[in-house]
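Colleague: quick one, fold the following:
(2 chains)
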2 protein chains.
Amino acid sequence: MPPPFTVTFSAGTSGPWHIERISTVAGKGLPAATHLAMTDMPDATWRLRGVVSHPRYSTAAELKELAGVQAGLGRSEAMCAALIPIRKSQTWWSMAQDERRAIFEDRSRHIALSMKYLPAVARRLHHARDLGEPFDFLTWFEFAPEHEAAFDALLVELRASEEWKYVEREVEIRLTRTG
Amino acid sequence: MPPPFTVTFSAGTSGPWHIERISTVAGKGLPAATHLAMTDMPDATWRLRGVVSHPRYSTAAELKELAGVQAGLGRSEAMCAALIPIRKSQTWWSMAQDERRAIFEDRSRHIALSMKYLPAVARRLHHARDLGEPFDFLTWFEFAPEHEAAFDALLVELRASEEWKYVEREVEIRLTRTG
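Modeller: Numbers count the residues shown, from 1 in each chain, chains lettered A, B, ... in the order given. Purely as a prediction, here's the structure:
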């Protein structure tokens, strides 16, 4: 399906992903739940919506490099996943495109850092801010159990970056596939 | 109200703006209606939603220059308005940020061209693509009757630009304030 398309993450008591833990990294957390589905379940404990959309910061050269190395979702060996909803501050969103890009890549190396973990970690970004959702982005990651330590290292690197100074709410949901 | 916030344009038989004409510029048009309101009216002939959001292409220098010269909506002399919904092609949205910016400003001078018509023409952009709406952008313009010819000239300039080669649907709705 070509973008844009909306994905609803539903957390509750059923779904193909088992929730191992929900950790509050910054700001308000999310209620406990045992399972997650990537479908709209009206009886969910909580639901988060986001849109898979066009690239906002990547240059053509970066997109080409990413396309050459990144993996898709749904690999059989990718039994681990993480959903990381974040919200950035009003200061971040008040900045112009060139200012945000300078922090995002020139100084925080968001794309370059992430590139080191490809293709082990597959990733899909969902934009939520314009939908009036409580988070700005929902990022979904999938990886094999043997790459869990690498994924943890990626999170440490990103959270130490200048870009993360603008993250005012962040929750980390770690999951394993049930089937 | 700070962005993001959603605006619904409702066209029908009532509302503070009288529709003078609805012209199809490219692609499929919109049904006839006599009035427009910037509120969600469930019995409307058609409704279009968009989000007033953060800047996507403007640099800090451009935002500063715009802030120094642009006018707000709702000026008493601004009895004329235009609502221009457009949809861009898949080719446009597949491009990287630097490629779109190069077409948008370096080659099409979208911001620079528009700047010449400030503060006569006030403008507010609404993003609609990620909402699953039929258009990508809804731009709302307000101006005094004596600036109508200037506004027409702005449209001619923009439509002659390289950026407009990627516009596959465009409707122009011209209005006058009833009160």
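
Colleague: residues of chain A that sit close to chain B?
Modeller: A:2-4, A:6, A:51, A:53-60, A:62-63, A:90, A:93-99, A:101, A:127, A:129-132 (CB under 8 Å from any CB of the partner chain). No exception for glycine: its C-beta is placed from N, CA and C like everyone else's.

Colleague: among those residues, which ones are buried?
Modeller: When the residues of chain A next to chain B are checked for burial by 16 or more other CB atoms under 10 Å in any protein chain shown, the buried set is A:4, A:6, A:51, A:53-55, A:57-59, A:62-63, A:93, A:95-98, A:101, A:127, A:129-131.

Colleague: so what's the closest residue in space to A:A96 that isn't next to it in sequence up against?
Modeller: Excluding its sequence neighbours, the residue lying closest to A:A96 (CB to CB, 6 or more residues apart in numbering or on different chains) is B:A60, at 4.1 Å. Contact analysis of B:A60 by CB atoms under 8 Å, 6 or more residues apart in numbering or on different chains lists A:95-96, A:98-99.

Colleague: take these and keep only those in strands.
Modeller: Applying DSSP state E to those, no entry is found in strands.

Colleague: and the nearest residue to A:D43 once chain neighbours are set aside, how far from A:D40?
Modeller: Leaving aside its chain neighbours, A:D43 sits nearest to A:G12 (6.5 Å; criterion: CB to CB, 6+ apart). Relative to A:D40, A:G12 is positioned 12 Å away (CB to CB, to the nearest Å).

Colleague: of those two, who's got more company?
Modeller: Higher neighbour count among A:G12 and A:D40: A:G12, with 18 against 13, using other CB atoms under 10 Å in any protein chain shown.

Colleague: follow-up on the earlier one: just grab the bridge partners of the residue nearest to A:D43 for me.
Modeller: On the basis of DSSP bridges, A:G12 is bridged to A:H35.

Colleague: then A:R124?
Modeller: When bridges are called by DSSP bridges, A:R124 pairs up with A:W140.

Colleague: how many residues are close by A:L30?
Modeller: Neighbours of A:L30 under the rule other CB under 10 Å: 20.

Colleague: so what pLDDT did A:G179 get?
Modeller: Looking at A:G179, its pLDDT stands at 76.

Colleague: please name the nearest non-neighbouring residue to it.
Modeller: A:P16 (5.8 Å).

Colleague: which SSE is immediately downstream of the biggest helix by length in chain A?
Modeller: Identified as the longest helix of chain A according to DSSP state H is helix A:148-159. Per DSSP states H and E, the first helix or strand lying C-terminal to helix A:148-159 is strand A:167-177.

Colleague: which positions in that next one come out as buried?
Modeller: Residues A:167-175 are the ones in strand A:167-177 that count as buried (16+ other CB under 10 Å).

Colleague: how much space between the most far-flung residue of chain A relative to its centre and chain B?
Modeller: Most distant residue from the mean C-alpha position of chain A: A:D43, 23.6 Å away (CA atoms, centre = their mean). Between A:D43 and chain B the computed distance is 23 Å (CB to the nearest CB, to the nearest Å).

Colleague: where's that residue, which helix or strand?
Modeller: Secondary structure (DSSP H and E) places A:D43 outside all helices and strands.

Colleague: quick check, central residue of chain A?
Modeller: Taking CA atoms, centre = their mean, the centroid of chain A lies closest to A:T139, which sits 1.2 Å from it.

Colleague: okay, and the beta partners of A:E172?
Modeller: Here A:E172, judged by DSSP bridges, has bridge partners A:S23.

Colleague: wait, what's in contact with it?
Modeller: A:22-23, A:25, A:82, A:84, A:155.

Colleague: wait, which of the residues you listed is closest to chain B?
Modeller: Closest to chain B out of the contacts of A:E172 is A:I84 (19.6 Å), distances taken as CB to the nearest CB.

Colleague: need the pLDDT of the closest one.
Modeller: Predicted confidence (pLDDT) for A:I84: 98.

Colleague: tell me which residues are up against the helix or strand harbouring it.
Modeller: Assigned by DSSP H and E, A:I84 falls within strand A:80-88. Applying CB under 8 Å, 6+ apart, the contact partners of strand A:80-88 are A:9, A:17, A:27, A:30, A:36, A:48, A:128-129, A:134-145, A:147-148, A:151, A:155, A:166-177.

Colleague: residues in contact with A:A96?
Modeller: B:55, B:58-60, B:62-63.

Colleague: can you redo the residues you listed as JSON lines with pLDDT?
Modeller: Shown next, in JSON lines, are these (pLDDT from 0 to 100):
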{"residue": "B:P55", "pLDDT": "93"}
{"residue": "B:S58", "pLDDT": "96"}
{"residue": "B:T59", "pLDDT": "97"}
{"residue": "B:A60", "pLDDT": "97"}
{"residue": "B:E62", "pLDDT": "96"}
{"residue": "B:L63", "pLDDT": "96"}
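
Colleague: mind listing what's buried along stretch A:73-88?
Modeller: So stretch A:73-88, judged by 16+ other CB under 10 Å, has buried residues A:78-88.

Colleague: so how far does that stretch reach from one end to the other?
Modeller: 26 Å (CA to CA, to the nearest Å).

Colleague: next: stretch A:163-172.
Modeller: Chord length of stretch A:163-172, first to last residue, is 17 Å (CA to CA).
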